[in-house]
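**Q** Give the three-dimensional model of this entry:
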Amino acid sequence: MTDPGKAVFLSYASQDAETAQKLRNALRAAGVEVWFDQTELRGGDSWDQMIRRQIKACYLFVPMISANTQSREEGYFRREWNLAVTRTLDMAEDRAFLLPVVIDDTADSEARVPEKFREVQWTRIPEGNSPDTFVEHVRRLTAPETGAIPPSTSHSALKPTTSTSSPRSAAQARSPAIRSVLTWIVIAVLILGIGYLLAEKFLVSKRSVPVAESVSDKSVAVLPFADMSEKKDQEYFSDGLSEELIGLLSKVPELKVPARTSSFYFKGKQATIADIARTLGVAYVLEGSVRRSGNTLRITAQLIRADNGYEMWSESFDRKLDDIFRVQDEISSAVVKALKLSLLGGAMPKAKPISNREAYDLFLQARSLHYRGTYDDVKKAIAFAQRAVDLDASFAPAWASIGDSLVYEYGAYGGDEGDIRARAYSAAASAIKLDPDLADGHLAMARVLGELDWNWTAADAELQSALALEPNYVLALGIASSYALTQGRIDEALRLAQKAVYLDAASTDAISNLGDVYYQSGRFSDAVNAYRRGTELNATHTGLHLSLGIALLASGDPAAALETMKQETDDAMRQYGLALAFDAARHRGDADRALAALETNFSDTNAEQIASIYACRGLANKAFAWLDRSLLQREGSLTSIKLDPCVKYLRPDPRLKVLLGKLNLPQ
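**A** Below you'll find the model as predicted:
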């Protein structure tokens with residue numbers, strides 16, 4: 001047998017136990033250590049912990065995909081699958097670990113599996129077929145002398161799955177020998193039936209848990225604390241406290257903490273604790289309230305186990321405003337203690353107090369306004385943050401807030417790029433100088449360097465600094481993914497985007513960014529699914545229906561694309577999308593009217609999109625004329641030109657290479 005350190009873990013739906021046992025036997029006959037045995041199944045926490053340890057320690061993880069996994073919305077195997085996916089987040093890109101196997105005619109395009117499974121080729125071993133090729137492949141991967149084989153080569157001997165598989169094709173492949181094997185399987189079912197029923201008895205309680213079964217106990221969502229102040233005018237403060245707690249808990253290495261976007265998604269919505277936990281993929285939620293009167297605070301907090309509503313911990317704090325950071329530390333420490341987490345070095349991350357509480361109050365108001373995203377609110381956010389640093393020039397987070405809001409203002413609404421760039425760079429530099437360990441400062445500088453200076457190398461370095469300080473910083477992960485995609489580093493972009501979605505499951509921005517990566521990878525159906533999920537979360541999100549429509553066009557569905565483009569909430573993007581969709585549907589008159597509307601009303605802000613339409617029409621001279629105008633206007637969308645669906649028609653033209661050089665993008 002192979003070294004247990006190179007063991008293979010088989011994960012399957014309980015209904016597929018017989019087939020799993022057959023595959024187990026074939027692997028063990030080839031000398032491969034396999035962690036699987038129905039006689040070893042146990043119920044309870046000790047059994048669950050054993051499974052977790054095995055998934056954490058196994059060398060290869062083999063999920064068995066079938067009609068049975070398709071039909072079950074809940075099942076312990078889904079917990080195993082997600083534990084394996086979580087482990088891959090810490091693995092090198094070329095590490096072969098996930099080896100999905102389809103044991104019937106389930107189409108891979110329709111399989112209900114984690115997205116990570118789709119990054120590798122799958123093996124099909126339809127009912128009765130010999131698994132010899134797969135067994136030999138696994139044997140080579142686990143053989144001590146060969147070690148791991150990169151995914152680009154490790155699957156070359158396997159037959160990849162295709163979305164065109166059908167029950168008929170599998171039936172045609174059956175022979176008398178296969179029917180003999182099927183007879184053996186039927187007999188095996190009778191022999192193993194008792195064991196199967198016993199296993200089901202132990203697992204049924206786990207499948208009935210309302211929280212998603214793949215959820216780790218080391219996970220908590222911090223819900224926005226309720227404003228219980230008499231005048232109901234302290235929402236920005238209660239939201240700020242929640243955000244600070246998210247930031248503190250996110251720094252605990254073992255703990256999964258959904259980012260602000262996801263935790264705040266349910267604010268004002270009718271949803272139960274169990275519903276929220278299931279959507280965000282957590283086992284616990286932390287909720288509470290804030291009552292503020294002048295300089296006096298009353299804060300309550302409670303940690304709740306989502307699957308049974310049990311209150312793990314609760315506390316009330318009557319303090320002065322000056323003690324707010326101490327309260328944050330006490331709450332976060334209590335959560336860590338209640339979840340029995342171990343800490344690196346035994347030290348809990350601490351909130352950084354400030355010397356001027358009025359400046360802190362202004363900073364919280366600035367961040368609250370920034371998240372609203374309208375032009376007036378962003379301008380107010382900058383003004384509030386500026387007042388904060390006027391009161392306390394050493395307040396690094398407020399400087400970072402100014403830099404971030406200025407870049408957002410320019411990207412979303414335009415303005416004097418020179419003035420905004422100078423102010424944003426100065427603010428970000430001040431934040432870093434005052435606190436080199438502030439991830440927000442490095443992120444703000446990265447955005448200045450990337451989105452305003454087009455200095456991608458320097459921007460990447462700042463993003464690396466931010467993520468080194470806070471590896472689970474979702475906003476930094478999303479921007480890093482976007483920049484990597486812009487520069488053509490698709491594998492890196494995918495890894496970062498998937499991690500962002502894992503940590504921020506209800507974030508439309510994170511899901512949309514993942515869709516962008518799928519689109520650029522040529523995975524159009526995955527892109528469509530991602531964008532559709534985004535529209536389900538936020539039907540008015542700017543640009544999302546446009547992205548979905550473009551993905552539908554690439555998938556060969558112009559009729560659906562046209563209907564989707566009509567739902568785009570941004571007028572300029574809607575006209576651009578309609579022009580593309582009408583052209584694809586050969587409705588040139590309608591397309592011309594959409595293009596004319598774009599040229600008439602948005603030539604000063606959307607020249608790159610006008611160029612895109614002409615590029616798709618094969619009119620290169622007009623396309624480059626509008627691209628030159630976009631460059632002169634320094635439109636933010638121009639830096640994503642390589643992601644434009646129509647740019648492929650301009651690639652033979654040497655003028656494109658010149659333009660990419662001006663944007664500091666790879667040729």
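
**Q** Could you list the low-pLDDT ranges of the stretch 301-450 of the chain?
**A** Across the stretch 301-450 of the chain, the ranges flagged by pLDDT under 70 are 340-351, 415.

**Q** how does it look with 90?
**A** Within the stretch 301-450 of the chain, the segments meeting pLDDT under 90 span 301-361, 363-364, 367-376, 378, 408-420.

**Q** cool, the stretch 51-200 of the chain as well?
**A** Residues of the stretch 51-200 of the chain meeting the criterion pLDDT under 90: 51-58, 71-80, 82-83, 85-96, 104-112, 114-200.

**Q** Can you show me the strands along it?
**A** 60-65, 101-102, 123-124 (DSSP state E, counting those that start in this stretch).

**Q** can you redo those strands as a markdown table with distance to Met50?
**A** Glycine gets a C-beta too; all of them are placed from N, C-alpha and C. Converted to a markdown table, the strands of the stretch 51-200 of the chain look like this (distance: least, C-beta to C-beta, whole Å):
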| stretch | distance to Met50 |
| --- | --- |
| strand 60-65 | 16 |
| strand 101-102 | 23 |
| strand 123-124 | 27 |
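
**Q** Go through the ones you listed and name the closest to Asp570.
**A** Distances from Asp570 to each of these were compared by C-beta to C-beta, and the smallest falls on strand 60-65, at 39.2 Å.

**Q** so how far is Ser430 from the closest residue to Ser481 other than its chain neighbours?
**A** The shortest distance from Ser481 to any residue that is not its chain neighbour, by C-beta to C-beta, 6 or more residues apart in numbering, is 3.7 Å, and that residue is Leu496. The gap separating Leu496 from Ser430 is 28 Å, by C-beta to C-beta, to the nearest Å.

**Q** which of these two has more neighbours?
**A** Set side by side, Leu496 and Ser430 show more neighbours around Leu496, with 26 against 22, by other C-beta atoms under 10 Å.

**Q** That one touches Ile479, doesn't it?
**A** No. At 9.1 Å, Leu496 and Ile479 do not qualify as touching, with contact defined as C-beta atoms under 8 Å.

**Q** As a markdown table, the strands of the stretch 51-200 of the chain with mean neighbour count and distance to Tyr76 would be great.
**A** Shown next, in a markdown table, are the strands of the stretch 51-200 of the chain (neighbours: other C-beta atoms under 10 Å; distance: least, C-beta to C-beta, whole Å):
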| stretch | mean neighbour count | distance to Tyr76 |
| --- | --- | --- |
| strand 60-65 | 24 | 12 |
| strand 101-102 | 23 | 18 |
| strand 123-124 | 22 | 23 |
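
**Q** nearest to Arg489, of those?
**A** Using C-beta to C-beta, the strands of the stretch 51-200 of the chain put strand 60-65 closest to Arg489, at 26.1 Å.

**Q** elements contacting that closest one?
**A** Packing contacts for strand 60-65, counted by 3 or more C-beta pairs under 8 Å, 6 or more residues apart in numbering; DSSP states H and E, involve strand 8-11, helix 17-29, helix 76-88, strand 101-102, helix 132-142.

**Q** Now do it and helix 132-142, the angle between them.
**A** Between the axis of strand 60-65 and that of helix 132-142 there is an angle of 150 degrees, by axes from the mean of the first three to the mean of the last three C-alpha atoms, to 10 degrees.

**Q** Quick one: residues in contact with strand 60-65.
**A** Defining contact as C-beta atoms under 8 Å, 6 or more residues apart in numbering, one finds that strand 60-65 is touched by 6-13, 16, 19-20, 23, 55, 77, 80-81, 84, 87, 96-103, 106, 108, 111, 113, 117, 122, 138, 141-142.

**Q** coming back round to it: list the contacts of the residue nearest to Ser481.
**A** For Leu496, the contacting residues are 477-478, 480-481, 484, taking C-beta under 8 Å, 6+ apart as the criterion.

**Q** From Asp526, how far out is it?
**A** Where Asp526 is concerned, Leu496 sits at a distance of 16 Å (C-beta to C-beta).

**Q** C-terminal to the helix or strand where Val336 lies, what's the next element?
**A** If you go by DSSP states H and E, Val336 is part of helix 324-338. From helix 324-338 onward toward the C-terminus, using DSSP H and E, the following helix or strand is helix 357-372.

**Q** Could you name the helices and strands sitting against that following helix?
**A** Here helix 357-372 touches helix 235-250, helix 375-391, helix 396-413, going by 3+ C-beta pairs under 8 Å, 6+ apart.

**Q** give me that answer again for 10 Å
**A** In this structure, helix 357-372 makes packing contacts with helix 235-250, helix 260-263, helix 324-338, helix 375-391, helix 396-413, judged by 3 or more C-beta pairs under 10 Å, 6 or more residues apart in numbering; DSSP states H and E.
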